[in-house]
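Enquirer: predicted coordinates and the sequence they were generated for:
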Amino acid sequence: MDVIKLLSEWQGKAIITDETQTTYTELITLVEDKCCDLSNKGVGKGSKVLVESKYTLDFISSTLAIIQLGGIYIPIFDTIGKTLLKQRIALLKPDVLLVEKKESHRI
């Protein structure tokens with residue numbers, strides 16, 4: 001049996017946070033949706049994707065989608081300063097930047 005099908009039929013919790021509980025079915029759907037979004041932005045095999053985010057469900061689904069698409073996941077945590085962030089972007093030259101809207105002023 002296909003692992004994805006098996007997980008989607010099982011309603012166990014994949015992610016539990018203080019705010020939500022996400023089943024494997026819900027997580028698979030989120031990752032598939034995120035794959036479509038990222039693919040439309042040009043993410044594919046070998047694409048460098050810089051992800052600046054807190055540990056959220058969106059962060060987790062984005063990370064899994066990048067890996068599924070064959071992209072290179074580059075985490076940048078929201079605790080680094082604006083100057084260091086800009087230096088990392090200049091050094092790494094990512095193809096795509098994923099940041100939360102409220103943090104976009106840092107770029």
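Expert: Received, thanks.
Enquirer: for the helix or strand encompassing Ile60, enumerate the helices and strands it packs against.
Expert: Assigned by DSSP states H and E, Ile60 belongs to helix 57-68. Judged by 3 or more Cβ pairs under 8 Å, 6 or more residues apart in numbering; DSSP states H and E, the packing partners of helix 57-68 are helix 24-40, strand 48-53, strand 72-77. (Glycine included, C-beta is placed from N, CA and C.)
Enquirer: which parts of it are buried?
Expert: Using 16 or more other Cβ atoms under 10 Å as the test for burial, helix 57-68 gives 57, 59-66.
Enquirer: quick one on the thing from earlier: make TSV out of the helices and strands packed on helix 57-68 and add distance to Thr17 and mean pLDDT.
Expert: Shown next, in TSV, are the helices and strands packed on helix 57-68 (distance: least, Cβ to Cβ, whole Å; pLDDT from 0 to 100):
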stretch	distance to Thr17	mean pLDDT
helix 24-40	12	92
strand 48-53	14	87
strand 72-77	17	87
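Enquirer: what's the mean pLDDT across the helix holding Ile60?
Expert: Helix 57-68 carries an average pLDDT of 91.
Enquirer: residues touching the spatially most central residue of the chain, list them.
Expert: Centroid check for the chain by Cα atoms, centre = their mean gives Ser62 as the closest residue, at 1.8 Å. Ser62 makes contact with 34, 38, 51, 53, 98, according to Cβ atoms under 8 Å, 6 or more residues apart in numbering.
Enquirer: good, we can wrap up now.
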